[in-house]
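Trainee: Have a look; sequence and predicted model below, questions after that.
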Amino acid sequence: MQNNLLSGLKEHENKLLTIWSQILQETGGGDGAMEEEESKEFASLFTSALAKSDVSYENSEEFEKVEDLIVGIASSRGKRGFSPRENAQYLISFKQAASQILSEIIKNPSEFYDASLKLNEILDNMTIMTFEAYMKGREDIISRQVDEISEISTPVITVWDGIVALPIIGTLDSSRTQIVMENLLQQIVDTGSSIAILDISGVPAVDSLVAQHLIKTVSATRLMGAECIISGIRPEIAQTVVHLGIDLTGILTKASLASALRTAFDMLQLQVVKRKVIG
Amino acid sequence: MTTITNNREEALIIKEQDVVPLRNRVKEYGVKIGMSILNQTKLITATSELVRNLLKYGGGGKVIIESVSNGRDNGVRVTFIDNGPGIADITLAMKDGYSTGKSLGLGLPGTKRLVNEFDIKSELGNGTTVTITKWKNG
């Protein structure tokens, strides 16, 4: 019976759309043609679903379509850069428009009350869904960025024939160390390098876990037959490591990348000589 | 010696991703009172050790950061509270090279060497609370 009341909305679809887009414009939530299209599709599908469906809304097939549509719209709006407020406003203003029309077509107060209650229930539920979809859209962006960051954050550079360097920036946690180690070892194989330089200038703090990861990386590199030099040890890091009691004596360490490179050249019996200017 | 708390905030630590923001907050407290780079590094390294313990053994918990003053010097106090299984033998846990996990076993004793004041309370089944204080000129 309640749905019969709501089914009247179908006849006033165009008016509903006009009022809705008006409210949307007043609240500043509109973004032109794309939204108009979406709104039209939603209003049409929603009112038809109301007209067709039986009393129980949750199980209706029509409403499933409406829900799919609104979830799609919400996640697309999230990606287009709408704020959470604007996204929530979208369906709330639809509710306002629909309530306004209901008040015009249903004259009996008790019937109007029932109809509004039902309408509220349906649309509130959908508002929650749009919010979830919006959040998911945003989370997708974040997880993509996380992937990108972890990919660009571990570059292995061939600095010389037989010498690879890996600058580490940021915190070394377990998963990061795994990527660093894999990249480094693979690069040693690919380039046939015999010396790897691990530069930790960009690591803010070396605690026992980071040190343990470094020691493991060095051991793995040695197993591959290459020597590993850790460079970029700042004075405060050196003192902290000593106080912590971490034993790095078995590892070749240097203060700067330049001195690590010099050591690497020595090991490869290379010499950098200034060219003599003739004449 | 009485200490006065000037500024205080709490942080909830439940996953590994919470470690870096917490460390940055602690560093900001150090910078605010004009702590030297060396002491800042010691403080954030100590924080890093303890917060990893909090996650690994305590299953997460609460961290309180305070800016404190004892009249002569300013400092940063950090308290780590977890509701984990607790430490069975604190004397043993404070020994270099002892670890129930597969780590270097330097976390607790190393941290104690990095800070000026170190206090640990633990009760089996009731969790562990570690409080560290690093003074600006300590």
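Mentor: Received it, and whenever you're ready, just let me know what you need.
Trainee: So which bits of chain B are right by chain A?
Mentor: Applying CB under 8 Å from any CB of the partner chain, we find that chain B lies next to chain A at B:16, B:19-20, B:23, B:37-38, B:40-42, B:44-45, B:48-49, B:52, B:96, B:103-104, B:106-107, B:109-111, B:113-114. Every C-beta, even on glycine, is put in place using the N, C-alpha and C of the backbone.
Trainee: 6 Å instead?
Mentor: B:16, B:20, B:37-38, B:41-42, B:44-45, B:48-49, B:52, B:96, B:104, B:106-107, B:110, B:113-114 (CB under 6 Å from any CB of the partner chain).
Trainee: Tell me which residue in the stretch 1-150 of chain A sits closest to chain B.
Mentor: Closest to chain B within the stretch 1-150 of chain A is A:Val146: 9.7 Å, counting by CB to the nearest CB.
Trainee: next one: chain A
Mentor: Here chain A gets closest to chain B at one residue, A:Leu244, 3.6 Å apart by CB to the nearest CB.
Trainee: show me where the stretch 151-279 of chain A has helices.
Mentor: Secondary structure of the stretch 151-279 of chain A by DSSP state H, counting those that start in this stretch: the helices cover A:174-191, A:208-223, A:235-244, A:257-267.
Trainee: what's in contact with the first one?
Mentor: Defining contact as CB atoms under 6 Å, 6 or more residues apart in numbering or on different chains, one finds that helix A:174-191 is touched by A:Thr154, A:Val156, A:Thr158, A:Val164, A:Leu166, A:Ala196, A:His213, A:Thr217, A:Ala220, A:Met224, A:Ala226.
Trainee: at 8 Å instead, please
Mentor: A:150, A:153-154, A:156, A:158, A:162, A:164, A:166, A:168, A:170, A:172, A:193, A:196, A:198, A:209, A:213, A:216-217, A:220-221, A:224, A:226, B:16 (CB atoms under 8 Å, 6 or more residues apart in numbering or on different chains).
Trainee: Which of the helices of the stretch 151-279 of chain A has the lowest mean pLDDT?
Mentor: Mean pLDDT is lowest for helix A:174-191 among these, at a mean of 84.
Trainee: mind listing what's buried in that one?
Mentor: For helix A:174-191, the neighbour count (16 or more other CB atoms under 10 Å in any protein chain shown) marks A:Arg176, A:Thr177, A:Val180, A:Met181, A:Asn183, A:Leu184, A:Leu185, A:Gln187, A:Ile188 as buried.
Trainee: That one versus helix A:208-223: what angle between them?
Mentor: Here helix A:174-191 points in a direction 20 degrees away from that of helix A:208-223 (axes from the mean of the first three to the mean of the last three CA atoms, to 10 degrees).
Trainee: Check chain B for the residue nearest chain A and tell me.
Mentor: Residue of chain B nearest chain A, by CB to the nearest CB: B:Gly110 (3.6 Å).
Trainee: State the helix or strand in which that residue lies.
Mentor: Per DSSP states H and E: B:Gly110 is located in helix B:107-114.
Trainee: angle of that helix against helix A:235-244?
Mentor: Using the same axes, to 10 degrees: helix B:107-114 against helix A:235-244 is 120 degrees.
Trainee: from the middle of its chain, how far away would helix B:107-114 be?
Mentor: Between the centre of helix B:107-114 and the centre of its chain there are 10 Å (CA atoms, centre = their mean, to the nearest Å).
Trainee: just stretch B:59-76 next, same as before
Mentor: Relative to its chain's centre, stretch B:59-76 lies at 9 Å (CA atoms, centre = their mean).
Trainee: Mind listing what's buried along it?
Mentor: Neighbour counts over stretch B:59-76 (16+ other CB under 10 Å) mark B:60-69, B:74-76 as buried.
Trainee: So which other helices or strands are in contact with the longest helix seen in chain B?
Mentor: Counting by DSSP state H, the longest helix found in chain B is helix B:37-56. Where contact means 3 or more CB pairs under 8 Å, 6 or more residues apart in numbering or on different chains; DSSP states H and E, helix B:37-56 is packed against helix A:208-223, helix A:235-244, strand B:4-13, helix B:19-32, strand B:61-69, strand B:74-82, helix B:107-114, strand B:127-135.
Trainee: Reformat those into TSV and put distance to A:Ser99 next to each item.
Mentor: Output for those, formatted as TSV (distance: least, CB to CB, whole Å):
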stretch	distance to A:Ser99
helix A:208-223	58
helix A:235-244	64
strand B:4-13	41
helix B:19-32	44
strand B:61-69	46
strand B:74-82	50
helix B:107-114	61
strand B:127-135	53
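Trainee: out of those, which comes closest to A:Leu261?
Mentor: Comparing those by their distance to A:Leu261 (CB to CB), the top pick is helix A:208-223, with 16.6 Å.
Trainee: How far does the closest one sit from its chain's centre?
Mentor: Centroid displacement of helix A:208-223 relative to its chain, using CA atoms, centre = their mean, is 30 Å.
Trainee: Would you confirm that A:Ile251 contacts A:Ile215?
Mentor: Yes - between A:Ile251 and A:Ile215 there is a contact at 6.9 Å, judged by CB atoms under 8 Å.
Trainee: Wait, A:Gln271 touches A:Phe265, no?
Mentor: Yes - the criterion here is CB under 8 Å, and A:Gln271 meets it with A:Phe265 at 7.1 Å.
Trainee: got the residues of chain A near chain B?
Mentor: A:170-171, A:173-174, A:204-209, A:211-212, A:235-237, A:239-240, A:243-246.
Trainee: what residues are up against the nearest residue to A:Ser75 once chain neighbours are set aside?
Mentor: Residue nearest to A:Ser75 in three dimensions, not counting chain neighbours: A:Gly137, with 3.9 Å by CB to CB, 6 or more residues apart in numbering or on different chains. With contact set as CB under 8 Å, 6+ apart, A:Gly137 has these partners: A:Ala74, A:Ser75, A:Ser76, A:Arg77, A:Gly78, A:Lys79.
Trainee: Give the full set of residues in contact with the last one.
Mentor: Taking CB under 8 Å, 6+ apart as the definition of contact, the neighbours of A:Lys79 are A:Gly137, A:Ile141.
Trainee: Same question for the fifth one.
Mentor: Residues in contact with A:Gly78 (CB under 8 Å, 6+ apart) are A:Asn87, A:Ala133, A:Tyr134, A:Met135, A:Lys136, A:Gly137, A:Arg138.
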